[in-house]
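[1] Model the structure of this input:
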Amino acid sequence: MDINQLVVQVTTNALPIIFAITVHEAAHGYAARHLVTIPPGLQVGSRLTR
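    From the prediction side, this is the model:
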């Protein structure tokens with residue numbers, strides 16, 4: 001396997017995984033912001049949920 005094939009294989013495998021992780025974490029943020037009655041992060045003043 002030459003270097004070009006390796007780069008293509010790693011890229012085609014890594015990008016969808018990175019995208020899926022990003023969407024998954026964004027869903028956590030959405031659920032925390034919109035679906036929880038009293039957001040715990042806002043109660044304690046977490047800077048990530050402001």
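[2] can you give me the helices in this protein?
    3-34, 40-44 (DSSP state H).
[3] Kindly provide the distance from the residue nearest the centre of the chain to residue 4.
    Central residue of the chain (Cα atoms, centre = their mean): residue 22, 2.4 Å from the mean position. Residue 22 sits 27 Å away from residue 4, going by Cβ to Cβ, to the nearest Å. For glycine as for every other residue, the C-beta is placed from the backbone atoms N, C-alpha and C.
[4] what's the answer for residue 15, then?
    17 Å.
[5] Repeat that for residue 17.
    21 Å.
[6] least trustworthy helix or strand in the chain by mean pLDDT?
    When each helix and strand of the chain is scored by mean pLDDT, DSSP states H and E, helix 40-44 comes last, with a mean of 59.
[7] Quickly, which of the helices of the chain bottoms out on average pLDDT?
    Set side by side, the helices of the chain give their lowest mean pLDDT on helix 40-44, at a mean of 59.
[8] mind checking how far the residue nearest to residue 9 when sequence neighbours are not counted is from residue 8?
    Excluding its sequence neighbours, the residue lying closest to residue 9 (Cβ to Cβ, 6 or more residues apart in numbering) is residue 1, at 7.9 Å. Separation of residue 1 from residue 8 (Cβ to Cβ): 10 Å.
[9] Pick out whichever of those two has more residues nearby.
    residue 8 (10 against 6; other Cβ atoms under 10 Å).
[10] which ones are touching the more buried one?
    By Cβ atoms under 8 Å, 6 or more residues apart in numbering, no residues touch residue 8.
[11] measure it to residue 35 for me?
    In terms of Cβ to Cβ, residue 8 sits 40 Å off from residue 35.
[12] Residue 21 now?
    Look at residue 21 and residue 35: by Cβ to Cβ, they are 20 Å apart.
[13] and what of residue 10?
    Shown here: residue 10 relative to residue 35, a distance of 36 Å by Cβ to Cβ.
[14] Repeat that for residue 29.
    For residue 29, the distance to residue 35 (Cβ to Cβ) stands at 11 Å.
[15] And those two? Which one has more around it.
    Neighbour count, other Cβ under 10 Å: between residue 29 and residue 35, residue 29 has more, with 12 against 8.
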